[in-house]
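In: A structural model of the following input is requested.
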Amino acid sequence: MHLLISGICGFVGSTLAREFLRLGFDVSGFDNFSRPGSQTNREPLIRLGAKIFQADAANTDDMAALPGADWVLDAAANASVLAGLDDSSRRLVSDNLIGTINLLEYCKRRRAGFTLLSSSRVYSIPPLASLPVDVADNAFIPNASRPLPPGLTPEGVGETFPTATPISLYGATKLASETLALEYGETFGFPVFVNRCGVLAGAGQFGRPDQGIFAYWINSHLRRKPLRYIGFDGQGHQVRDCLHPRDLVPLMRKQFANSDKLPPSDRVLNVSGGASSAMSLRQLTAWCDARFGPHAVASDPRPRPFDIPWMVLNSAKAKHLYDWQPATPLEAILDEIANHAESHPDWLTLSTPA
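Out: Purely as a prediction, here's the structure:
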């Protein structure tokens, strides 16, 4: 099978490419190299056998020039929930939504399957922001003694959780991309899957304060860079789960094999590390303190747009349909990031916008 990966030189795209190449797939992909650090993945992927093109998904001429493929993995996006709050809103929509439309047109012409890597941020912010929580072991947990929003349990947010606005401009581009992808698939008869991912994390991620938080925090702590607990109680109790992107590959292979056997309602899945891979920033700091030595973190309780106290995705549907669950435990992900940080002292500079 020939795979075409958008954003192939980003963290997620390059991780998927390496894993599929290891499994014997024919892999090509493209990147516009707008993300600082992405060029570092180009030559290593070429040496492994990938074909790399410089192209922009938002450019129709670039998409028309790409070679044919059996399946497209859309791993290209501006993945920050804060994206578009300044004058970059039009660029955000172009990158995340117009780019997806151009890829769907490619799949229509080429009769290729399509997998969209979507986001947990398609879920409605107000019920998540007002979620009743307690603090246990330096982390927020849902207060199960009070009514929880429909679609949310202590195990996480399910696919039935509301997606009503507001969800941020970023979330809106991903939700609109999901809807269009499913409609294109139904209208033009090609298979489509939507995998809503939680926080993706691992070695080589280009971390920033607004995305790639596990990599950013570990690299910054190691280098004794300033860190802040932002929002809520200013104590770093907010929680996210994390997933290594290579753990997506077994699920995708099963989706390829079942491309004609599922109704549209079963083509949208939460895919995440879940409760067992969830951690607060304060817990992550304690882990870093034990690994690298103590490093003070400042407190800034002022709210930040679109922040929520607790986001853990429930992947029970993926488990039920595909017997899928993450293979890489949280501790292994953190160790991998830390090992990479220790051997790449310039990583924060490399992955920071000029």
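In: need the helices for the chain, in chain order.
Out: Assigned by DSSP state H, the chain shows helices spanning 11-22, 42-48, 60-64, 89-93, 99-110, 125-129, 168-188, 213-222, 248-257, 281-292, 316-322, 330-343, 347-350.
In: Residue 132 against residue 148, yeah?
Out: Yes - between residue 132 and residue 148 there is a contact under C-beta atoms under 8 Å: 7.4 Å. The way it works is simple: take the backbone N, C-alpha and C, and place the C-beta from them, glycine included.
In: what is in contact with the two at once?
Out: Between them, residue 132 and residue 148 share the neighbouring residues residue 142, with contact defined by C-beta atoms under 8 Å, 6 or more residues apart in numbering.
In: of the helices of the chain, which approaches residue 235 most closely?
Out: Proximity to residue 235 (C-beta to C-beta) singles out helix 281-292 among those, at 6.2 Å.
In: give me the number of residues near residue 306?
Out: 20 (other C-beta atoms under 10 Å).
In: which residues does it contact?
Out: When contacts are counted by C-beta under 8 Å, 6+ apart, residue 306 is found next to 81, 82, 121, 125, 166, 168, 171.
In: Relative to residue 115, how far out is the closest residue to the fifth one other than its chain neighbours?
Out: For residue 166, ignoring the flanking residues on the chain, the nearest one in space by C-beta to C-beta, 6 or more residues apart in numbering is residue 125 at 5.3 Å. Counting by C-beta to C-beta, to the nearest Å, the separation of residue 125 from residue 115 is 26 Å.
In: what bits of the stretch 51-200 of the chain have low per-residue confidence?
Out: Screening the stretch 51-200 of the chain residue by residue with the criterion pLDDT under 70, one finds the ranges 87.
In: same thing but 90
Out: Within the stretch 51-200 of the chain, the set of residues satisfying pLDDT under 90 comprises 77-88, 90-92, 94-95, 144.
In: Point out where the stretch 201-350 of the chain drops to low pLDDT.
Out: Along the stretch 201-350 of the chain, segments meeting pLDDT under 90 span 206-212, 258-265, 303-305, 348-350.
In: Try it again at 50.
Out: Judged against pLDDT under 50, the stretch 201-350 of the chain has no low-scoring part.
In: So what's the residue count around the closest residue to residue 289 other than its chain neighbours?
Out: Counting by C-beta to C-beta, 6+ apart, residue 289 lies nearest to residue 295, which is 6.6 Å off, once chain neighbours are set aside. By other C-beta under 10 Å, 16 other residues sit near residue 295.
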